[in-house]
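# Any chance you can model this:
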Amino acid sequence: MVRLTKQILIAFLIGFFMPLSILALDLKTTTVGNRECYIYDVKKGENIYDVSRALGVPTIEITRYNPSATDGLRPGMRLYVPVAIVNSRSNKPTITTVTTAEDDVSIPAARSVSATGVESSTSRTYTVQKKESLYAISRKLGISMDSLIAMNPSAENGVKPGDVLVINSSAAQVSTVRPANDPTTEPEITQPATYRPEVAQATTTEPDPTVSPIIPQEEIDYSLIPSENRLNKFIERVSPEPEYGQAPDTVNMAVILPFMLSEDPAPKNSQLFLEFYKGLLLAADSLKHHPGHFIKIHAYDSEGSIERIESIMRSPEMSSMNLIIGPDNESHLKLIAETMSANTYLFNTFNVKSDIYTTNNRVMQANIPHSPMLRKATSTFTEMYQAYTPVFLSRIDGAADKDAFTSLLKEQLDKNEVAYTNITFRNLLNHRDLDTLATDRNYVFVPISGSRAEFAKISEAISRFGEARPENSIRIFGYPDWITFRGEYLTRLGNMEATIYTRFYADKNDPETRLVEERYKELYGQEMMDAAPVQGLLGFDTGIYLIDLIKEYGKDFADNLESFRGLQSVMNFTSKNDEGYVNDALLIVTFTPRGHALKTVIE
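Sure, this is the predicted structure:
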């Protein structure tokens, strides 16, 4: 037994029980809603990522307890973070007896602890290189993710170039990960105990996607895909079992997608499907503490093969599935719909052309179909631009890929007896082509193509036309394809205050979107790919929508479908007669000169 003064004892306990950053900050505590919380006052120039690093907790934990932080921080703003959340991020030894008075205190046996909280042994250091994730480092050094984080607690929030990690040689010897092709052992699996994804073996069959996400001007980095034949390996650090435990009426969700895990290099589409899955798991992790029904997620690699789908659907566990998120291939979706249990619903979020929902009342089509989308877009157009004269632009020998929309719109305008103008031009649209337009009217321009090349041929002339007529309102209305515009073309959309209709849109300047992207990077060591739609956000929105419904309604979730506005997706399912469910929600997006986008949901 050793006598310690109160000051020495408190310093001792802080040194063991708090991250070093908390010790340096000397934060006060208070009770908020029966939780003991640290009080943090935002300093001038600090953003949420600075606070995240200072407290040693992910940004998503800060916003979870301080919702106003999603709109940005300001100097003097007071944040509250539960002490338990902060302390759980540190590496703590066991204290047998603790008091805060000048009494006798039991002290654990002395041991040497480094500044990182790692017991002294034969150690070395490793400096993080550019583009390296914690996962990549664990593979490179032959050390498990858990061991790396145990030796370097701050690495749980992600690593950046220049960070120095402490590597304990004894841990490295114990935690060596065998190569994926080593036949003597299964690869080490890191997975969330809550959801226990399960994956079967893969083959090398090429998928046959019906609708592929668009990747604008970007090359895929195949080195980001681990070679292990397990989807579970993609979950680097996801939280444990929910505190409320497993309810007896567990809801089972299967994810059957062409991950193509055995192919090297993997097809581009497979990396996008993997990103979707990781976004789904991020949503599951975000909702893990919400009360309600327990959910178990199972993942299967369809391998792009109808034979593999047949094998999966014959497996005994499929009879207990309540929900399946299906692949993009139409024949694969049909097979799943025909062979799934009577208790199962099929959620189709990838194949926008599929009409299986019209003949199967347990199929959910998550995308508004093409024809209803066009009808809703033209109807919205006529309501928005009642004070404008529509001007349809077509280039001689140019693309006319949006003729279906413009023809339907003209029919609607004719029916409403609204006058419009057709302008045909060669090569580039110029001011002479527009000289025939009256000077005392408002105009909305509608090209008959959604391609970037055609947009480039009209945008400058329309901008100058608007600048020459400041007393009039000049607008341009366009297409889902425009969400792929980047750089100068995206700036033009904002300056022209262009409006489009689309199924998806992710505003990169939205605070909540940035927070989810940051959390994704923390968990997986890489950013979401710049695709349209962004597959990580698609998975996140899908997960938030479905898991939240399931938690509240359990296996009766399909009888209680609600409208949903996600970061990128919108959903409003309807059903008629003996048909399944179809999403009839459409987004109208208007770009602004300041870089933000105004989104309106049309249901």
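# Tell me who's in contact with Thr359.
Going by Cβ atoms under 8 Å, 6 or more residues apart in numbering, Thr359 touches Glu579. The C-beta positions use only the backbone N, C-alpha and C, and glycine is treated the same way.
# and the gap between it and Leu333?
12 Å (Cβ to Cβ, to the nearest Å).
# Next: Ser459.
39 Å.
# Comparing the two, which residue is more hemmed in?
The residue with more neighbours, out of Ser459 and Leu333, is Leu333; 25 against 22, by other Cβ atoms under 10 Å.
# SS state for that one?
helix (DSSP: H, G, I helix; E, B strand; the rest coil).
# in stretch 470-477, what's buried?
472, 474-477 (16 or more other Cβ atoms under 10 Å).
# Do me a favour and get the end-to-end distance for that stretch?
End-to-end span of stretch 470-477 (Cα to Cα, to the nearest Å): 19 Å.
# any idea of the mean pLDDT for stretch 249-259?
Average pLDDT, stretch 249-259: 91.
# what's the spacing between the helix or strand that Tyr520 is a member of and its chain's center?
Assessed by DSSP states H and E, Tyr520 sits inside helix 511-524. Taking Cα atoms, centre = their mean, to the nearest Å, the mean C-alpha location of helix 511-524 is offset from the chain mean by 8 Å.
# Identify the residue spatially nearest to Gly279, adjacent ones excluded.
Closest residue in space to Gly279, ignoring its immediate chain neighbours: Gly539 at 2.7 Å, by Cβ to Cβ, 6 or more residues apart in numbering.
# what secondary structure does that neighbour sit in?
When classified by three-state DSSP, Gly539 comes out as helix.
# same thing with Met364?
Look at Met364: counting by three-state DSSP, its state is strand.
# now the one 3 residues further on
In terms of secondary structure, Asn367 is coil; the call rests on three-state DSSP.
# surely it meets Val352?
Yes: using Cβ atoms under 8 Å, Asn367 is in contact with Val352, at 4.3 Å.
# who touches both of these two?
Arg503.
# ok, the two, which is more surrounded?
Taking other Cβ under 10 Å, Asn367 and Val352 do not tie; Asn367 has more neighbours (21 against 17).
# if I look at Gly292, how far off is Ile547?
To Ile547, Gly292 is 9 Å away according to Cβ to Cβ.
# again, but for Asp584
From Asp584 across to Ile547, the span is 22 Å (Cβ to Cβ).
# got it, and Phe564?
12 Å.
# likewise Ile39?
32 Å.
# who has more neighbours, these two?
Comparing Ile39 with Ile547 by other Cβ under 10 Å, the one with more neighbours is Ile547, at 26 against 13.
# Pull the contacting residues for the residue lying closest to that one once chain neighbours are set aside.
Spatial nearest neighbour of Ile547, excluding adjacent residues (Cβ to Cβ, 6+ apart): Leu287 at 5.2 Å. Shown in contact with Leu287 (Cβ under 8 Å, 6+ apart): 543-544, 547-548, 551.
# Is it possible to get the residues you listed out as TSV so that each row also shows secondary structure and pLDDT?
TSV is the format used below for those (DSSP: H, G, I helix; E, B strand; the rest coil; pLDDT from 0 to 100):
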residue	secondary structure	pLDDT
Gly543	helix	95
Ile544	helix	94
Ile547	helix	93
Asp548	helix	91
Lys551	helix	90
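# Distance to Val159 for those - can I get that in a markdown table?
Output for the contacts of Leu287, formatted as a markdown table (distance: Cβ to Cβ, whole Å):
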| residue | distance to Val159 |
| --- | --- |
| Gly543 | 26 |
| Ile544 | 27 |
| Ile547 | 29 |
| Asp548 | 32 |
| Lys551 | 33 |
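# what's the closest of these to Asp26?
Among these, Ile544 lies closest to Asp26 (Cβ to Cβ), at 37.4 Å.
# Who's the closest spatial neighbour of that closest one, skipping the chain neighbours?
Per Cβ to Cβ, 6+ apart, closest to Ile544 is Ala283, 4.6 Å.
# who does the helix or strand harbouring the one you found touch, helix- and strand-wise?
Per DSSP H and E, Ala283 falls inside helix 268-286. Applying 3 or more Cβ pairs under 8 Å, 6 or more residues apart in numbering; DSSP states H and E, we find helix 268-286 packed against strand 251-257, strand 295-301, helix 511-524, helix 535-553.
# Could you please name the strands the first one pairs with and the direction of each pair?
I take that to be strand 251-257. strand 295-301 (parallel), strand 323-325 (parallel) (DSSP bridges).
# Show me the one of the ones you listed that comes nearest Asp559.
Proximity to Asp559, assessed across those by Cβ to Cβ, is greatest for strand 323-325 (13.2 Å).
# and the closest one, average pLDDT?
97.
# Equivalent analysis for stretch 476-495, please.
Here the average pLDDT along stretch 476-495 is 93.
# Repeat that for stretch 26-44.
83.
# buried residues in that stretch?
27, 37-38, 40, 42.
# Which one of the contacts of Leu287 is nearest to Asp414?
Among the contacts of Leu287, and counting by Cβ to Cβ, the member closest to Asp414 is Ile544, at 42.4 Å.
# neighbours around the closest one, how many?
Residues within reach of Ile544, counting by other Cβ under 10 Å, total 22.
# same thing with Gly45?
The burial count for Gly45: 8, using other Cβ under 10 Å.
# excluding its backbone neighbours, what's nearest it?
Nearest non-adjacent residue to Gly45 (Cβ to Cβ, 6+ apart): Pro75, at 7.8 Å.
# Show me what the helix or strand containing Thr30 is packed against.
Here Thr30 sits within strand 29-32, counting by DSSP H and E. With contacts defined as 3+ Cβ pairs under 8 Å, 6+ apart, the packing partners of strand 29-32 are strand 35-41.
# Out of the contacts of Leu287, which is nearest to Asp249?
Lowest distance from Asp249 to the contacts of Leu287 (Cβ to Cβ) belongs to Lys551, with 11.7 Å.
# how close does His289 get to Tyr545?
Note on His289: its distance to Tyr545, by Cβ to Cβ, is 18 Å.
# Looking at the two, which one has more neighbours?
Using other Cβ under 10 Å as the criterion, His289 and Tyr545 rank with Tyr545 on top: 24 against 11.
# can I assume the more buried one is in contact with Arg565?
No: the pair Tyr545 / Arg565 is not scored as a contact, 9.7 Å apart, by Cβ under 8 Å.
# before we move on, back to that, spatially, which two of the buried residues of stretch 26-44 are the most separated?
The distance between the two most remote of these (Cβ to Cβ) is 15.0 Å, for Cys37 and Val42.
# all strands for the stretch 401-550 of the chain, in order.
With strands called from DSSP state E, counting those that start in this stretch, the stretch 401-550 of the chain shows them at 421-425, 443-447, 474-478, 499-502.
# Would you agree the residue nearest to Gly279 is in contact with Leu272?
No: in this structure, Gly539 is not within contact of Leu272 by Cβ under 8 Å, at 10.0 Å.
# Does Val589 touch Lys599 like I think?
Yes: between Val589 and Lys599 there is a contact at 5.5 Å, judged by Cβ under 8 Å.
# Between these two, which has more neighbouring residues?
Remark: of Val589 and Lys599, Val589 carries more neighbours, 21 against 16, as counted by other Cβ under 10 Å.
# what sits against the nearest residue to the more buried one once chain neighbours are set aside?
Leaving aside its sequence neighbours, Val589 sits nearest to Tyr505 (Cβ to Cβ, 6+ apart; 4.8 Å). Neighbouring residues of Tyr505 by Cβ under 8 Å, 6+ apart: 483, 568, 587, 589, 597, 599.
# Outline the domain layout of the protein.
2-105, 123-174, 222-368+512-589, 371-502 (automatic domain parsing).
# count of residues packed around Met496?
Met496: 19 neighbours (other Cβ under 10 Å).
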